[in-house]
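> generate a structure from the sequence data that follows.
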Amino acid sequence: MFDVDGLLRKYFQYIFFLFAIYLLLWGFTEYKIIFLSLMLGTAAGSLNLWLLARRTKKIGTGKGKVRSSGTFIRIGIVLLAAMLASKFPSYLSVIPVAAGVVVTYIVTMIAFAWHLRKRGEIV
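Numbering: from 1, shown residues only. This next block holds a predicted model:
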C-alpha cells in the first residue's frame, strides 16, 4: 500500500524547489511574465493535487460515502487561473499558466515512477 501523505510531502518538496527556481528566474531575467505565469499555474496545479490527495485519503479510510464536486472545483481553479491571466495580460500569460498546471502533474508522474523503481516494481 502507498503512503499518500508521504508521497504528497515528497511531491510538494519537488514543487517548492521548482517554485524557488521560478522565483530566481523571475527576479534575474527579463522574462517576468513567463515565470510569474508559471508560478500561478504551478500554484493552481499544486492546489488541485492537494485536493485530489485529500479526497483519495478520505476514500481510502472508508469513512462512509464521500460526496463532493471535486472535479468541478479542480477545473474551476484552473479556469480561475486562466481568467486571471487573461484579465491581466501585462503581468501574466495564459500559455505559461497552463504549462504550470501541467508541470505539477509531470512532477507527480516522474516522482511516482521513481518511487516505484526504488521499490523494484518497475525496471
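
> run through the neighbouring helices and strands of the host helix or strand of residue 99.
In the assignment (DSSP states H and E), residue 99 maps to helix 94-119. Counting contacts by 3 or more C-beta pairs under 8 Å, 6 or more residues apart in numbering; DSSP states H and E, helix 94-119 packs against helix 4-28, helix 32-61, helix 70-87. Quick note: C-beta positions are derived from backbone N, CA and C, even for glycine.

> pick the most deeply packed of those.
Compared across these, helix 32-61 shows the largest average neighbour count, a mean of 18 (mean count of other C-beta atoms under 10 Å).

> mind giving me the packing neighbours of that one?
helix 4-28, helix 70-87, helix 94-119.

> out of those, the one nearest residue 47 is which?
Closest to residue 47 of the helices and strands packed on helix 32-61, according to C-beta to C-beta: helix 70-87, at 5.7 Å.

> may I have the closest one as CSV, with CA atoms only?
The C-alpha trace of helix 70-87 is given here as CSV (Å, rounded to 0.1, in the frame of the first residue of the first chain):
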residue,chain,number,x,y,z
GLY,A,70,-14.1,17.7,-6.7
THR,A,71,-13.7,17.6,-10.4
PHE,A,72,-15.6,20.8,-10.9
ILE,A,73,-13.7,22.5,-8.2
ARG,A,74,-10.4,21.5,-9.7
ILE,A,75,-11.5,22.6,-13.2
GLY,A,76,-12.7,25.9,-11.6
ILE,A,77,-9.3,26.5,-10.0
VAL,A,78,-7.6,26.1,-13.4
LEU,A,79,-10.2,28.3,-15.1
LEU,A,80,-9.8,31.0,-12.4
ALA,A,81,-6.0,31.0,-13.0
ALA,A,82,-6.6,31.3,-16.8
MET,A,83,-9.1,34.1,-16.3
LEU,A,84,-6.6,35.9,-14.1
ALA,A,85,-4.0,35.6,-16.8
SER,A,86,-6.4,36.9,-19.5
LYS,A,87,-7.6,39.7,-17.2
